[in-house]
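Engineer: here are the coordinates; sequence isn't available:
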Ligand code: 4AD
Ligand code: MG
């Protein structure tokens, strides 16, 4: 007898006299019909039990959540809703599940409840679909870079440098918190710590990726990053995954082309390979939308939104143009923005980003050439002396999806910038070396993986697109 996954069985053209499958019971109807799921696909396989010839005590053990090993014959289904089904010849209960206590009942659960049961939430259609999509997306990302001549680089997770200069890092230490060694000045003496210096969890692999771009040419890193900012929003995590390509001899327009091409490729890949999961999540969203007032409903379905991004050019707009648009916008004039736009130089809040993408341009927008003083130290200064070659890509419903830039390749300019921001040259000696030995124009960007998964799945809370979210006051599981 051959073992199959549910997905393999559902794709069979022919009847098969002897098949085996293992999975978890989703529902058991009329003492006869088991809907079995093994995670290989959204769909369940119907397994028909001959209840008249089965021991009653064994039948009682077929409960939602139980793990079963089923043997039987794969036949064309008599009922509607499926092409094939299994006529069960024998089955074994591998693991019982108390139907009274199993948290995932065959009914609608709130996302809050499922977050508290994140270890079991992938037993639901919604979360299994999301996590399959997440997996396919990761694969598509590696595939894109692999097909385009990029090397995959593993940047360190423990680091001594603060790439973003924002100082919102998690400390890594083995010092005794109650009684740390102090130096002469009464400060903690990190030279006595495990690494002999102060270390943190990385906020970005960019600086290390730059070193490899300046030798291997085209590289990318795709790994976990950590931010200790206390932002309890639906778009921020304390631990999230970031994709960061870095390319030598590439300028900012090249960086925009790369990001746009890359995003379209991975979205297209999903459209071609995960139809069942997308259809399911699209229907979920349509149902959710029905509960909203007309004015708040989305004009496009989930799949239409993905198609739209794949088929249309992103709009490229300078920060200066964006400020003009925002300054003259209705919500600004009617004082509807929480942070009114008065003058050039202010940082854009998510309300402004959303206005630009969702109301004004109605498509993904690449904003570039931001004021130098609201962006990180490593971005290349423009000839005007006040803006830098930064780019942010904004997506409808998400806001900032990508942040990137052309890097400052001129040693003296970089040093001045670091001095102005009090960034220690000794700490970044190796980063400065790149500007001493064969410096060149180079660029890259960072894409927040969970923000991409949010866009693809239509989920509105970032905690629902990562297996075990880490957020302020929460590190369960
Ligand atoms: O804009 P950020 O901070 O850029 C960097 O870290 C650069 N070093 C990247 C580079 O140029 N190589 O972060 C990049 C992206 C953001 O656009 C956003 O999508 C995501 O990372 N991101 C977060 N996602 C979830 N939770 C958070 N707390 C995030 N912070 C940033
Ligand atoms: Mg950013």
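Structural biologist: Received it, and whenever you're ready, just let me know what you need. These numbers were taken from a predicted model, which means no experiment stands behind them. Numbers count the residues shown, from 1 in each chain. Ligands and ions are numbered 1, 2, ... in the order given.

Engineer: use CA for all of it now, contacts and neighbours both
Structural biologist: Will do.

Engineer: In stretch 343-355, which residues are buried?
Structural biologist: Within stretch 343-355, the residues scored as buried using 16 or more other CA atoms under 10 Å are 345, 347-348, 352-355.

Engineer: Next: stretch 449-463.
Structural biologist: Across stretch 449-463, burial judged by 16+ other CA under 10 Å covers 449-459, 461-463.

Engineer: the helices in the stretch 251-400 of the chain, which residues?
Structural biologist: For the stretch 251-400 of the chain, helices defined by DSSP state H, counting those that start in this stretch occupy the ranges 252-273, 275-290, 302-311, 319-327, 330-333, 350-354.

Engineer: So is the last one next to ligand 1?
Structural biologist: No - interface with ligand 1: helix 350-354 contributes nothing (CA under 6 Å from any ligand atom), its closest point being 11.9 Å away.

Engineer: so what does that helix touch, helix or strand wise?
Structural biologist: strand 387-395, strand 399-406 (3 or more CA pairs under 8 Å, 6 or more residues apart in numbering; DSSP states H and E).

Engineer: tally of neighbours for residue 90?
Structural biologist: A count of nearby residues for residue 90, using other CA atoms under 10 Å, gives 13.

Engineer: So for the residue of the stretch 251-400 of the chain found nearest ligand 1, what's the nearest residue that isn't a sequence neighbour?
Structural biologist: Closest residue of the stretch 251-400 of the chain to ligand 1, CA to the nearest ligand atom: residue 400 (5.0 Å). Spatial nearest neighbour of residue 400, chain neighbours left out: residue 394 (4.5 Å); criterion: CA to CA, 6 or more residues apart in numbering.

Engineer: residues in contact with that neighbour?
Structural biologist: Counting by CA atoms under 8 Å, 6 or more residues apart in numbering, residue 394 makes contact with 353-354, 357, 364-367, 400-402.

Engineer: do residue 25 as well
Structural biologist: Neighbouring residues of residue 25 by CA under 8 Å, 6+ apart: 34-37, 62-68.

Engineer: And residue 358, by the same measure?
Structural biologist: 396-397.

Engineer: For the stretch 151-300 of the chain, which residue gets nearest to ligand 1?
Structural biologist: Nearest residue of the stretch 151-300 of the chain to ligand 1 (CA to the nearest ligand atom) works out as residue 236 at 3.5 Å.

Engineer: is it true that that residue touches residue 462?
Structural biologist: Yes - when contacts are counted by CA atoms under 8 Å, residue 236 is listed as touching residue 462 (6.8 Å).

Engineer: What ranges does the stretch 51-200 of the chain have for its strands?
Structural biologist: 67-76, 84-95, 151-152, 158-159, 171-172, 199-201 (DSSP state E, counting those that start in this stretch).

Engineer: Spell out which residues belonging to this protein are near ligand 1, please.
Structural biologist: By CA under 6 Å from any ligand atom, the residues of the chain that approach ligand 1 are 204, 206, 227, 235-238, 240, 242, 244, 400-405, 444-448, 451.

Engineer: For residue 417, state which of the buried residues of stretch 343-355 is nearest.
Structural biologist: Nearest to residue 417 out of these is residue 345 (CA to CA; 17.6 Å).

Engineer: show me what contacts that closest one?
Structural biologist: Going by CA under 8 Å, 6+ apart, residue 345 touches 371, 374.

Engineer: Please tell me how far it sits from residue 259.
Structural biologist: 25 Å (CA to CA, to the nearest Å).

Engineer: likewise residue 339?
Structural biologist: Distance of residue 339 to residue 259, given as CA to CA: 29 Å.

Engineer: rewinding a little: just the ones of the residues of the chain next to ligand 1 in strands?
Structural biologist: Cross-referencing the residues of the chain next to ligand 1 against strands under DSSP state E gives 240, 242, 244, 400-405, 444-448.

Engineer: Report the two members of those separated by the largest distance.
Structural biologist: Top of the distance list for those (CA to CA): 240 and 405, 20.3 Å.

Engineer: Looking at these two, which is more packed in?
Structural biologist: Neighbour count, other CA under 10 Å: between residue 240 and residue 405, residue 405 has more, with 28 against 21.

Engineer: Now do the contacts for the closest residue to the more buried one other than its chain neighbours.
Structural biologist: Leaving aside its sequence neighbours, residue 405 sits nearest to residue 390 (CA to CA, 6+ apart; 4.2 Å). Neighbour list for residue 390: 252, 368-370, 375, 379-380, 403-406 [criterion: CA under 8 Å, 6+ apart].

Engineer: Check residue 155 too.
Structural biologist: 205, 208-209, 221, 223 are the contacts of residue 155 under CA under 8 Å, 6+ apart.

Engineer: same check, this time on residue 447
Structural biologist: Contacts of residue 447 by CA under 8 Å, 6+ apart are 242-244, 401-403.

Engineer: Give the bridge partners for it, please.
Structural biologist: residue 243, residue 402 (DSSP bridges).

Engineer: And for residue 219?
Structural biologist: Note on residue 219: beta-bridge partners by DSSP bridges are residue 151, residue 246.

Engineer: what's the burial count for it?
Structural biologist: 26.
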